[in-house]
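[1] Pasting a predicted model and its sequence here:
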Amino acid sequence: MHDKSREAACLVLAAGEGTRMKSAHPKVLHEIGGKPMVGHILKEVEKLGLRKVVVVVGHGESEVRERLGDGYEYAEQKEQLGTGHAVMAAREKFIGFGGDLFVVSGDVPLLRAETLKALIEKHRGEGLVCTILTCRLKDPTGYGRIIRRSSGRVWKIVEEKDSSLYEKVVEEVNTGVYCFDSTALFNTVSRLRNKNEQGEYYLTDVVKLLSAANAGVDSLLLEDAGEVMGINSRVDLARAQKVLQNRIAIRHMENGVTIVDPANTYIDSEVEIGRDTVIFPFTVIEGKVTIGAGCEVGPFSHLRTGTVLEDGAEVGNFVEVKKTSIGSGSKAKHLSYLGDATIGRKVNIGAGTITANYDGVKKHPTIIEDGVSIGSGTTLVAPVRVGEGAVTGAGSVVTRGRDVPPRATVVGIPARELKRKNEKKNKEDTGR
């Protein structure tokens with residue numbers, strides 16, 4: 001039995017090019033759910049509270065580092081000579097570390113922290129040196145096959161291109177996720193040879209070497225094979241996206257959000273939505289967006305990063321919102337663009353409103369205070385402020401720097417304050 005208080009760490013293999021993606025960018029940076037696929041893995045790994053997380057980089061190394069940031073340690077695999085070679089490249093990062101080590105491929109973005117916890121529990125509970133996460137596939141093409149001894153214990157993993165006809169029919173496959181005793185792993189990986197079809201150093205060969213030495217090697221069978229779906233092509237990416245979208249929708253619905261048609265609604269993984277909010281079909285909510293309680297969004301709305309809807313706000317048909325906060329009880333129901341704006345409480349945004357936030361060089365803010373009524377077809381040329389309780393007439397163009405005073409009504413192009421008859425009469429009576 002292993003000590004359950006042993007330290008644990010994780011090594012994420014993210015050095016591959018992913019030639020089948022046919023892309024100028026590293027495979028692990030292709031996005032699903034609004035973040036790179038390797039970002040999903042790292043988020044789940046972080047839930048485990050590990051001592052350290054090391055990312056092996058290679059192809060597009062600088063791009064991967066820039067995208068993931070400084071929160072991780074990096075090991076560089078200068079030549080991509082296989083998964084075993086990637087582990088060798090990270091060996092120095094674990095000098096002095098003698099605990100358990102997860103090794104995870106960077107292209108399995110649907111992997112859950114709960115699965116990793118179950119893997120290490122089996123690993124420690126049975127005192128194993130290597131525990132492999134496996135699953136069964138009706139069509140195992142492309143995956144390494146799990147070959148067992150007559151006793152039922154794992155003997156070896158055979159890669160697709162090196163497998164015999166007998167081995168090819170095996171349905172239990174390697175998912176590319178392991179838990180190792182780190183000392184045993186690094187002592188064994190140095191013994192790897194590259195005498196195989198690919199001329200690479202396979203991490204899977206470590207399993208056979210450990211098994212031959214009668215070290216404790218076994219597996220954990222994962223029931224949901226979709227969780228460890230590897231991403232090797234744009235087709236795989238789309239399939240994973242669909243699975244992730246379903247997960248995200250279920251999470252929000254279980255928390256009290258109504259999503260009228262989850263199959264036709266796109267919500268990124270970092271979106272927050274309050275109770276009793278209703279999301280109508282064909283809505284896209286991407287990036288870091290916060291939606292309060294009791295809101296309505298859609299159909300055909302597009303909320304982008306930086307959007308905040310306070311409780312009871314409503315955004316409707318063909319409205320795009322970017323880096324904008326919309327106050328409680330405010331409504332933008334039709335055909336509008338709201339960018340870099342701060343919109344107060346109980347504001348009505350008329351159909352066809354545009355915040356013209358970009359001057360070709362910089363983006364500028366628009367401020368709309370509480371109780372404002374913006375007429376249909378209004379263009380607000382930022383930077384500009386519309387004061388509390390003000391009104392803009394249909395088709396108005398409020399030019400930059402020409403702020404609308406509180407409770408004023410402006411009309412025309414450029415918008416000018418409308419003086420009502422009683423105001424004129426009062427001025428005449430007082431001689432002003």
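    Looks like it came in fine.
[2] which residues sit against stretch 183-193?
    84-85, 87-88, 91, 94, 98, 101, 103, 129-130, 201-203, 205-206, 209-210, 215 (CB atoms under 8 Å, 6 or more residues apart in numbering). Where you see a C-beta, it was placed from the backbone N, CA and C, and this is true even at glycine.
[3] same thing with stretch 286-305?
    Here stretch 286-305 makes contact (CB under 8 Å, 6+ apart) with 34, 265-266, 268, 270-285, 306-323, 328.
[4] How about stretch 32-42?
    Here stretch 32-42 makes contact (CB under 8 Å, 6+ apart) with 12, 14, 27-31, 43, 53, 55, 64, 67-68, 72, 104, 106-111, 231, 237, 240-241, 244-245, 248, 268-270, 286-287.
[5] if we can go back for a sec, list only those of the contacts of stretch 183-193 flagged as buried.
    For those, a neighbour count by 16 or more other CB atoms under 10 Å gives the buried set as 84-85, 87-88, 94, 101, 103, 129-130, 201-203, 205-206, 209-210.
[6] Now the two most distant members of the residues you listed.
    H85 and V129 (20.9 Å; CB to CB).
[7] Now the element after the longest helix along the chain, going C-ward?
    The longest helix of the chain (DSSP state H) is helix 234-254. Of the helices and strands lying after helix 234-254 in sequence (DSSP states H and E), the nearest is strand 258-259.
[8] Show the subsequent helix or strand relative to that next one.
    Next along from strand 258-259, by DSSP H and E: strand 266-267.
[9] Quick one: list the elements packing against that next one.
    Packing partners of strand 266-267 (3 or more CB pairs under 8 Å, 6 or more residues apart in numbering; DSSP states H and E): helix 234-254, strand 284-285.
[10] Mean neighbour count, those: which tops it?
    Ranked by mean neighbour count, the helices and strands packed on strand 266-267 are led by strand 284-285 with a mean of 20 (mean count of other CB atoms under 10 Å).
[11] List the contacts of it.
    Residues from elsewhere that reach strand 284-285, judged by CB under 8 Å, 6+ apart: Y266, I267, D268, V271, I279, I291, V297, S301, H302, L303.
[12] what does stretch 16-30 give?
    14, 36-38, 58-60, 63-64, 67, 80, 106-107, 231-234, 237.
[13] Between the two ends of that stretch, what distance do you get?
    Terminal residues of stretch 16-30 lie 13 Å apart, using CA to CA, to the nearest Å.
[14] again, but for stretch 403-415
    10 Å.
[15] got it, and stretch 376-393?
    One end of stretch 376-393 to the other measures 7 Å (CA to CA).
[16] centre of the chain versus that stretch, how much separation?
    Its chain's C-alpha centre and that of stretch 376-393 lie 35 Å apart, by CA atoms, centre = their mean, to the nearest Å.
[17] May I see the buried residues of that stretch?
    For stretch 376-393, by 16+ other CB under 10 Å, it's 376-387, 389-393.
[18] Okay, and which of the residues you listed map to strands?
    Residues of the buried residues of stretch 376-393 located in strands (DSSP state E): T379, L380, V381, V384, R385, V386, V391, T392.
[19] who's in contact with the first one?
    In other words, T379. T353, I354, A356, S396, V397, V398.
[20] which stretches of this protein aren't confidently modelled?
    1-5, 420-432 (pLDDT under 70).
[21] hang on, the earlier thing: quickly name whichever of the ones in strands among the buried residues of stretch 376-393 is closest to L220.
    Among those, L380 lies closest to L220 (CB to CB), at 57.8 Å.
[22] that older thread, what two of the ones in strands among the buried residues of stretch 376-393 have the greatest distance between them?
    Maximum pairwise distance among those (CB to CB): 17.6 Å, between V381 and V391.
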